[in-house]
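In: Give me a 3D structure for the following:
(2 chains)
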Number of protein chains: 2
Amino acid sequence: MNYRIDNLQYCKWSREIFEINREAGLNAVHVTVVYHEDYDEFLKRVSEWDELFNKNSDLIFLGKDFKDIEKAKSENKTAIFFGFQNCSPIEDDLKLVEKVHSLGCRFMQLTYNNQSLLATGCYENVDSGVTNFGKEVIKEMNRVGIVIDMSHSAEKSTLDAIELSEKPIAITHANPFFWHNAKRNKSEVLLKNLSDSGGMLGLSLYAHHLKDGSNCKIENFCEMVAKTAELIGVKNIGIGSDLCLNQPDNVVEWMRNGTWTKVKNYGEGSKDKPGFPKQPEWFIDARGFNFLEKGLKDIGFSKEEVNDILGNNWFNFYKGIN
Amino acid sequence: MNYRIDNLQYCKWSREIFEINREAGLNAVHVTVVYHEDYDEFLKRVSEWDELFNKNSDLIFLGKDFKDIEKAKSENKTAIFFGFQNCSPIEDDLKLVEKVHSLGCRFMQLTYNNQSLLATGCYENVDSGVTNFGKEVIKEMNRVGIVIDMSHSAEKSTLDAIELSEKPIAITHANPFFWHNAKRNKSEVLLKNLSDSGGMLGLSLYAHHLKDGSNCKIENFCEMVAKTAELIGVKNIGIGSDLCLNQPDNVVEWMRNGTWTKVKNYGEGSKDKPGFPKQPEWFIDARGFNFLEKGLKDIGFSKEEVNDILGNNWFNFYKGIN
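Out: The predicted model follows:
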């Protein structure tokens, strides 16, 4: 059985997008439910999702574990897995880790760009690694079954998390630094440590993470996948598209600035290009998985390897979460 | 005019303690109103203080600036200045800095032992210094008039804060490391940087910060004051007793463990001595200021210098807060 999984989307959710994801054949999507929200605000996001599940029950349902991906496949639906891009919903309370898990959370980033109570983000000048509280939270995430996601974290913090976590961790949406030197992309040392420990890299289709940005060629992207597979093995690679469909630009402004600064921060953008970047034309939405399928075959991957990259590897990773 | 100021107390507040502080001649006390509380919980602490102010209006009132210390002196009362031992009440929201100031906050620690969103605490293994959010918060604290307090912070974070802050900062309650090598006590380099920038050191009377702990001799304490004055000048030294009168031991457990760990953390204590330590017999409460007055004279300080150390230096520092 083959599965297609996009392990990171943060769209302005609507029936239209759930339909596109079905057209793309996605059996599971890991969705971002919070960026900077605290616990009470997270509860509101959960209510909004309840509404989406009710109204679109023919297309989606809340996924709890890998069996729900099998179920989604057999019912022609997409299982939605909740994730956090920051640890703000657990506030400073270790007990909230179990609470957010019971409400569906299966992935949590320890940081989002800046320093958190748990670890250092990739936009800080100095990276002190996983903190005292972070060590306790990792143990608790391991215990309850929430994946540690270090996509927006700094290098030492990520290496610490790999070492501290008893279960494999994930970088759900980023690319290798050797291909495109964005701050968010990851070094070879880090990727090797990740794969050696059984962790997963979800390759990103977000223009700021791509060589040549919105003009990135699919051939070039697939070459990068091949080089990455040589480096860390094909079994540790999946897709985490980072699609932000239909989001207005004030959302990316909020993602970057939250409530922490008066001086506007442009993150991966710039003053001239403050908004969401344009998607490359071969990946304007999840139907781009079909272009990827062809592109990966063309670069020399076997049919099995292509299926691994486009979903089976993530499926196998989900088996180990709980 | 001479003033007596204790620039850190965290007692289980009662009329009895306000009377003791009056007996000790204290014109101002900086009180800890929160450790780990978030903004909403801080509002509850403010309500509790409102009640205390109402019931004890003959003894205390809320101090806003140095003029309230003069007023307290002339009315034989004690002005109470609010402070935070952790930055948790501002959560991740820069706008809350102005809000907590308007509710009385005049001192805020950037960290309490562990990593915060602003800086690193003295109990972390690695100190990454002041964070991106921390830099914004320091600017805002400077603007509205809240003193940066680094008593529980790590060394690099403290040096960063001294450099980043446009106004002098404070270490409201700690002693020099050269005298007693507690993790919370401060290095000579740090103390010199602090005093060179016009910052204040409030010497602590908490047993874990004292040489020989509860058995510390007053002569020995006053010798330390003399050495510290040689090192950083007498004008930058005050008292921040860290008195925790009448607090039950579960409070110190909460101070150390908050909600961040399942494994009990003993902080400056130990498994054998988990509770609040006994005060030295010459400083069981603020009336110990009288013993200090004598002790400091005996070690060779002039009358003026003794008055500086016991309150006038803090009074002058308060003049620069707003």
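In: Give me the distance between the two termini of stretch A:169-185.
Out: One end of stretch A:169-185 sits 16 Å from the other (C-alpha to C-alpha, to the nearest Å).
In: Next one: the nearest residue to A:L159 once chain neighbours are set aside from chain B, what distance?
Out: Of all residues not flanking A:L159 in the chain, A:N193 sits nearest, at 5.9 Å (C-beta to C-beta, 6 or more residues apart in numbering or on different chains). C-beta: built from backbone N, CA, C; applies to glycine. Distance from A:N193 to chain B, counting by C-beta to the nearest C-beta, to the nearest Å: 18 Å.
In: what about the helix or strand bottoming out on mean pLDDT in chain A, distance to the chain center?
Out: Within chain A, no helix or strand scores below helix A:249-257, which has a mean of 92 by mean pLDDT, DSSP states H and E. Its chain's C-alpha centre and that of helix A:249-257 lie 18 Å apart, by C-alpha atoms, centre = their mean, to the nearest Å.
In: Next: stretch A:87-99.
Out: On C-alpha atoms, centre = their mean, the centre of stretch A:87-99 falls 20 Å from that of its chain.
In: tell me which parts of chain A are close to chain B?
Out: Selection of chain A residues close to chain B by C-beta under 8 Å from any C-beta of the partner chain yields A:36, A:38, A:88, A:91-95, A:114-117, A:120, A:123-129, A:131-134, A:136, A:140, A:258-263.
In: Now do the SS call for the residue nearest to A:L159.
Out: What DSSP: H, G, I helix; E, B strand; the rest coil gives for A:N193 is helix.
In: Quick one, grab the pLDDT at it.
Out: Looking at A:N193, its pLDDT stands at 98.
In: Burial check on it, number of neighbours?
Out: A count of nearby residues for A:N193, using other C-beta atoms under 10 Å in any protein chain shown, gives 19.
In: Where is the longest helix in chain A?
Out: Longest helix of chain A, by residue count under DSSP state H: helix A:39-55.
In: can you pull the buried residues of it?
Out: Buried residues in helix A:39-55, counted by 16 or more other C-beta atoms under 10 Å in any protein chain shown: A:Y39, A:F42, A:R45, A:V46, A:W49, A:L52.
In: OK, contacts around the closest residue to the third one other than its chain neighbours?
Out: Taking C-beta to C-beta, 6+ apart as the measure, A:R45 lies nearest to A:V33, with 4.7 Å between them; neighbours along the chain are not counted. With contacts defined as C-beta atoms under 8 Å, 6 or more residues apart in numbering or on different chains, the neighbours of A:V33 are A:F42, A:R45, A:V46, A:W49, A:F82, A:G83, A:F84, A:C105.
In: Mind doing that once more with 10 Å?
Out: By C-beta atoms under 10 Å, 6 or more residues apart in numbering or on different chains, the residues touching A:V33 are A:10, A:42, A:45-46, A:48-49, A:80-85, A:89, A:100, A:103-105, A:107.
In: same check, this time on A:N246
Out: Residues in contact with A:N246, defined by C-beta under 10 Å, 6+ apart, are A:C11, A:K12, A:W13, A:S14, A:E16, A:I17, A:F276, A:D285.
In: Of those residues, which belong to helices?
Out: Using DSSP H, the contacts of A:N246 in helices are A:E16, A:I17.
In: Please check the contacts of A:N246 and keep the buried ones.
Out: A:C11, A:W13, A:I17, A:F276, A:D285.
In: Among the residues you listed, which one lies nearest to chain B?
Out: Distance to chain B, by C-beta to the nearest C-beta, is smallest for A:F276 among the buried ones among the contacts of A:N246, at 22.1 Å.
In: how about the nearest residue to the closest one, chain neighbours excluded?
Out: Closest to A:F276 by C-beta to C-beta, 6+ apart is A:V252, at 5.1 Å.
In: go on, A:A170?
Out: Nearest residue to A:A170, sequence neighbours excluded (C-beta to C-beta, 6+ apart): A:M200, at 4.7 Å.
In: Cross-check the contact I'm expecting between the one you found and A:T228.
Out: No - A:M200 is beyond contact range of A:T228, at 12.0 Å (criterion: C-beta atoms under 10 Å).
In: so what's in contact with those two at the same time?
Out: Both A:M200 and A:T228 are contacted by A:N236, A:I237, under the criterion C-beta under 10 Å, 6+ apart.
In: List the buried residues in the least confident helix or strand of chain A.
Out: Across helix A:249-257, burial judged by 16+ other C-beta under 10 Å covers A:V251, A:V252, A:E253, A:M255, A:R256, A:N257.
In: following that helix, which helix or strand shows up next?
Out: helix A:288-298 (DSSP states H and E).
In: export that next one as PDB, just CAs?
Out: Coordinates of each C-alpha in helix A:288-298 appear next as PDB, following Å, rounded to 0.1, in the frame of the first residue of the first chain:
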ATOM      1  CA  GLY A 288       2.200  19.500  -7.400                       C
ATOM      2  CA  PHE A 289       2.800  16.100  -5.900                       C
ATOM      3  CA  ASN A 290       2.100  14.700  -9.400                       C
ATOM      4  CA  PHE A 291       4.800  16.900 -10.900                       C
ATOM      5  CA  LEU A 292       7.100  15.700  -8.100                       C
ATOM      6  CA  GLU A 293       6.300  12.100  -8.900                       C
ATOM      7  CA  LYS A 294       7.400  12.600 -12.500                       C
ATOM      8  CA  GLY A 295      10.400  14.800 -11.600                       C
ATOM      9  CA  LEU A 296      11.700  12.300  -9.100                       C
ATOM     10  CA  LYS A 297      11.400   9.400 -11.600                       C
ATOM     11  CA  ASP A 298      13.100  11.500 -14.300                       C
END
